[in-house]
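In: Sequence first, then the predicted structure, then my questions.
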Amino acid sequence: KNEVEQSPQNLTAQEGEFITINCSYSVGISALHWLQQHPGGGIVSLFMLSSGKKKHGRLIATINIQEKHSSLHITASHPRDSAVYICAVWKGAQKLVFGQGTRLTINP
Amino acid sequence: EPEVTQTPSHQVTQMGQEVILRCVPISNHLYFYWYRQILGQKVEFLVSFYNNEISEKSEIFDDQFSVERPDGSNFTLKIRSTKLEDSAMYFCASSVLLNEQYFGPGTRLTVT
């Protein structure tokens, strides 16, 4: 069983829709990353959080440490948001464990 | 804005050859990482490096792999004798502390 599970694996939506991507993990962690991987392969860190909620523009990330669950929300989605979104958790001192990613496609 | 750079962007090599993948982390960062992503699969941790030594490594990072920070700016990953299954995208990342990581654009390694 993967230590980090994301759902859904693929998500297609229309421009303007509210998007939610979920991440559940089974290991004890100190923090969780949400990453965005562009079609060309590059990876960008969106958030790192260890509790509560963070917001950056149209992106919101939440984490519930007790339930070992995090969500990434995108409001007013746009075709440029199309990418693979990856959840990764800190396991141990300096090791990130990655989920398999959620491929998001926003149609105009 | 400072960024992590990686060279080359694409490397093709023959099985059994040695390859060195190069990374220039952001200058004031202290922690350095290598990850790999086999096509169609998830990103996997290879190794973390701090204070000129390996902090943690995965089971993938066997004796065929080594890392070095030869001159205070570059951070390299060497694969001594490449295998077909080493074909992947290799990402370097760096961070100031154990927090937000900045990823390089990746090097696509193709072993034939």
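Out: Structure received. Numbering: from 1, shown residues only, chains lettered A, B, ... in the order given.
In: Might one say that residue A:106 is in contact with residue A:15?
Out: Yes: assessed by C-beta atoms under 8 Å, residue A:106 is found in contact with residue A:15 at 5.7 Å. In this view, the C-beta of every residue, glycine as well, is placed from N, C-alpha and C.
In: Contacts for the lowest-mean-pLDDT helix or strand in chain A, please.
Out: Here the helix or strand of chain A ranked lowest by mean pLDDT, DSSP states H and E is strand A:95-98, holding a mean of 90. Strand A:95-98 has contacts (C-beta atoms under 8 Å, 6 or more residues apart in numbering or on different chains) with A:3-4, A:25, A:27, A:33, A:86-91, B:33, B:35, B:42-45, B:48, B:56, B:58, B:101.
In: Out of those, which end up buried?
Out: A:4, A:25, A:33, A:86-91, B:33, B:35, B:42-45, B:48, B:56, B:58, B:101 (16 or more other C-beta atoms under 10 Å in any protein chain shown).
In: Those residues in helices, which ones?
Out: Residues of the buried ones among the contacts of strand A:95-98 located in helices (DSSP state H): none.
In: Just the CA trace of stretch B:36-55, in PDB.
Out: Output of stretch B:36-55 as PDB, limited to C-alpha atoms (Å, rounded to 0.1, in the frame of the first residue of the first chain):
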ATOM      1  CA  ARG B  36      14.000  10.600  -9.900                       C
ATOM      2  CA  GLN B  37      10.800  10.000 -11.900                       C
ATOM      3  CA  ILE B  38      10.500   7.100 -14.200                       C
ATOM      4  CA  LEU B  39       8.200   7.900 -17.100                       C
ATOM      5  CA  GLY B  40       4.600   7.500 -16.000                       C
ATOM      6  CA  GLN B  41       5.500   6.900 -12.400                       C
ATOM      7  CA  LYS B  42       5.600   9.000  -9.200                       C
ATOM      8  CA  VAL B  43       8.600  11.000  -8.100                       C
ATOM      9  CA  GLU B  44      10.900   9.000  -5.800                       C
ATOM     10  CA  PHE B  45      13.400  10.300  -3.200                       C
ATOM     11  CA  LEU B  46      17.000   9.300  -3.900                       C
ATOM     12  CA  VAL B  47      19.200  11.200  -1.400                       C
ATOM     13  CA  SER B  48      19.500  14.200   0.800                       C
ATOM     14  CA  PHE B  49      22.800  16.000   1.500                       C
ATOM     15  CA  TYR B  50      23.700  18.500   4.200                       C
ATOM     16  CA  ASN B  51      27.000  19.800   5.600                       C
ATOM     17  CA  ASN B  52      28.900  18.000   2.900                       C
ATOM     18  CA  GLU B  53      27.600  14.600   3.700                       C
ATOM     19  CA  ILE B  54      24.600  12.400   2.900                       C
ATOM     20  CA  SER B  55      21.800  12.800   5.500                       C
END
